[in-house]
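In: got a sequence here, can you model it:
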Amino acid sequence: MNFKELGLCPEVLQAIDELGYEEATPIQVMAIPPILEGRDMVGSAQTGTGKTAAFALPTLHRLGSWQFKSKKISVNMASTWD
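Out: Model prediction:
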């Protein structure tokens, strides 16, 4: 499935495109839509299948749509070893 079909905002799609990615992996296809809806998500997949992006892309999408009183925000993400 193409990333454009997952409902991500244009800014996130542009970043994905600039990095050269075209097709979402199965874990991304399954995880991104529920996360965009604000639902909890638990997923499991092998190393290198795009789990971090499956979480990060919809999180960045949602952060970009919020109105912040301060222009300073921080997002800290840490992957763990499988």
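
In: so how far is Ala56 from Gly20?
Out: Look at Gly20 and Ala56: by CB to CB, to the nearest Å, they are 17 Å apart. Placement of C-beta: from N, CA and C, glycine included.

In: likewise for Cys9?
Out: For Cys9, the distance to Ala56 equals 13 Å [CB to CB].

In: secondary structure class of the residue positioned nearest the centre of the chain, three-state.
Out: The centre of the chain sits closest to Leu57, judged by CA atoms, centre = their mean, with a distance of 1.7 Å. Under the three-state scheme (DSSP: H, G, I helix; E, B strand; the rest coil), Leu57 adopts helix.

In: quick one, helices of the chain?
Out: Here the chain has its helices, by DSSP state H, at 10-18, 26-36, 51-65.

In: put the alpha carbons of the second one into CSV.
Out: Output in CSV follows, covering the C-alpha atoms of helix 26-36 (Å, rounded to 0.1, in the frame of the first residue of the first chain):
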residue,chain,number,x,y,z
PRO,A,26,2.6,-4.6,6.5
ILE,A,27,3.2,-3.4,10.1
GLN,A,28,2.9,0.2,8.9
VAL,A,29,-0.3,-0.5,7.0
MET,A,30,-1.8,-2.2,10.1
ALA,A,31,-0.6,0.4,12.6
ILE,A,32,-0.8,3.8,11.0
PRO,A,33,-4.6,4.1,10.6
PRO,A,34,-5.6,3.3,14.2
ILE,A,35,-2.9,5.5,15.6
LEU,A,36,-4.1,8.4,13.4
